[in-house]
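Q: Predicted model, plus sequence, below.
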Amino acid sequence: MNGLILAADVGATNMRVGVFDEKIELARLATSSTPQTNVSESVPRALLNLARQVAEEMWGEIVSCGVASIGPLDSGRGLILKAPNIAEKGVEIPLLSLLMEELSGVFYHLNDCNAAAYGEWMAFRDRGVENLVYITISSGIGGGAVDNGHLVLGRRGNGVEIGHITIDPSGYMQCGCGGYGHWEAYASGANIPRLAEKLLRDGQIPRDNSLSESIVRGTLDAKRAFELYYAGDRGAAALFDRLKSYLAAGLASVINAFEPDILVIGGAIYLNNRSFFRDEVFPAAERFLLLEMPTIVETARGDLAPLYGAAYAARDRLEGAKVVRGR
């Protein structure tokens, strides 16, 4: 490939755009906030503006573009379909529309976690890794998988939505997507406080402790919940007795489904609480496993994994992620 690659990572809160050469070396990088109002028009415009800002005089040298984004999506048309994790929910966003008017190259669109899995695999493949699963446990839960050297994408680019696997068929918690019993609804950073509040209201967490007081005051977030657990608060102990089982069940389900050589984990909930996962969650997962526990590693690319994955997808002309003009 002769020319430059434009890559973008559009999240619910922030977006990044980078310019890469054909060796996938990052030449430039810029970041801005993702608009939260009139998103069907403002998000594509913000993406175009940030791309022009970072590329500047290189704009004419761009020959292909890879974009990772929140989903669900229709990758063949470059659309975000009713994303549940953006402030203006349920709105279709023609994410690539303005970029495709300005650039004549080939475009590729991936779910951000699928892109991250591809970016991580490229970092680990020289070690002989052919089967990799990527999981991020942060404000939400997401993931991607490479199976025998092939990125799993699904029919429209929504494969491996592991945050929405069902871990509780009773449907005790409703997910932001509208479904019930999903892993993300119980164990993500945004929903741990919601789980605690519901358990307290239903009498499943004792009162007269620091956790219950934080819930009543409306000041509980995931960070505070972990702090109280580590401090031995009895309300937090009741919450985390359930939480570690939810985390373990989700992890084991993903391992059983994909049988990876390595499991790459990132996201703030994991990275800020490594010892909790190592000492309590991973051992608890063993009782749910059919298959052996894979090697567990942290992300090689960190927060830039989706951006690198999008760039690699454009370089490798990843057919399943290609955007068809005129659809």
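A: Now that the structure is in, tell me what you want to look at.
Q: Over to R242. Which of the three states is it?
A: Classification of R242 by DSSP: H, G, I helix; E, B strand; the rest coil places it in helix.
Q: Number of residues surrounding it?
A: Per other Cβ atoms under 10 Å, the neighbour tally for R242 reads 18. C-beta: built from backbone N, CA, C; applies to glycine.
Q: now it: how far from A187?
A: Distance, R242 to A187, by Cβ to Cβ, to the nearest Å: 10 Å.
Q: before we move on, which element is the nearest residue to W59 once chain neighbours are set aside in?
A: Spatial nearest neighbour of W59, chain neighbours left out: R52 (6.6 Å); criterion: Cβ to Cβ, 6 or more residues apart in numbering. Using DSSP states H and E, R52 falls within helix 39-55.
Q: Who are the packing partners of that helix?
A: Contacting helix 39-55 under the criterion 3 or more Cβ pairs under 8 Å, 6 or more residues apart in numbering; DSSP states H and E are the following elements: strand 4-10, strand 14-20, strand 26-33, helix 97-102.
Q: got those as a markdown table, with mean neighbour count and distance to C177 columns?
A: Shown next, in a markdown table, are the helices and strands packed on helix 39-55 (neighbours: other Cβ atoms under 10 Å; distance: least, Cβ to Cβ, whole Å):
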| stretch | mean neighbour count | distance to C177 |
| --- | --- | --- |
| strand 4-10 | 28 | 18 |
| strand 14-20 | 23 | 21 |
| strand 26-33 | 14 | 23 |
| helix 97-102 | 16 | 24 |
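Q: the domain parsing of the protein - what is it?
A: 4-111+305-321, 119-302 (automatic domain parsing).
Q: How is F107 assigned, secondary-structure-wise?
A: Following three-state DSSP, the label given to F107 is strand.
Q: Output the domains of the chain as a markdown table; include the columns mean pLDDT.
A: Shown next, in a markdown table, are the domains of the chain (pLDDT from 0 to 100):
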| stretch | mean pLDDT |
| --- | --- |
| domain 4-111+305-321 | 93 |
| domain 119-302 | 96 |
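Q: contacting residues for A300?
A: Residues counted as contacts of A300 (Cβ atoms under 8 Å, 6 or more residues apart in numbering) are 120, 123-124, 264.
Q: just checking, G176 touches E184?
A: Yes. The criterion here is Cβ atoms under 8 Å, and G176 meets it with E184 at 7.4 Å.
Q: Filter the contacts of A300 down to the buried ones.
A: With burial judged by 16 or more other Cβ atoms under 10 Å, the buried subset of those is 120, 123-124, 264.
Q: Could you dump these into JSON lines and include distance to A238 and secondary structure?
A: Putting the buried ones among the contacts of A300 into JSON lines (distance: Cβ to Cβ, whole Å; DSSP: H, G, I helix; E, B strand; the rest coil) gives the following:
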{"residue": "E120", "distance to A238": "35", "secondary structure": "helix"}
{"residue": "A123", "distance to A238": "40", "secondary structure": "helix"}
{"residue": "F124", "distance to A238": "39", "secondary structure": "helix"}
{"residue": "V264", "distance to A238": "31", "secondary structure": "strand"}
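Q: Between the residues you listed, which sits nearest R315?
A: Nearest to R315 among the buried ones among the contacts of A300: A123, at 14.5 Å, using Cβ to Cβ.
Q: before we move on, back to that, need the max-distance pair from the contacts of A300.
A: Distance extremes for these: the farthest pair is A123 and V264 at 8.9 Å, using Cβ to Cβ.
Q: rewinding a little: to E61, which of the helices and strands packed on helix 39-55 lies closest?
A: That would be, of the helices and strands packed on helix 39-55 and by Cβ to Cβ, strand 4-10, which comes in at 4.7 Å.
Q: Neighbouring strands - and their directions - for that closest one?
A: Strand 4-10 sits in its sheet next to strand 14-20 (antiparallel), strand 62-69 (parallel), going by DSSP bridges.
Q: With just CA atoms, put it into PDB.
A: Extracted in PDB, the C-alpha atoms of strand 4-10 (Å, rounded to 0.1, in the frame of the first residue of the first chain):
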ATOM      1  CA  LEU A   4      -1.300   6.900   4.500                       C
ATOM      2  CA  ILE A   5      -4.100   5.400   6.600                       C
ATOM      3  CA  LEU A   6      -6.500   7.400   8.500                       C
ATOM      4  CA  ALA A   7      -7.900   5.600  11.600                       C
ATOM      5  CA  ALA A   8     -10.500   6.700  14.100                       C
ATOM      6  CA  ASP A   9     -12.000   5.400  17.300                       C
ATOM      7  CA  VAL A  10     -15.400   6.900  18.100                       C
END
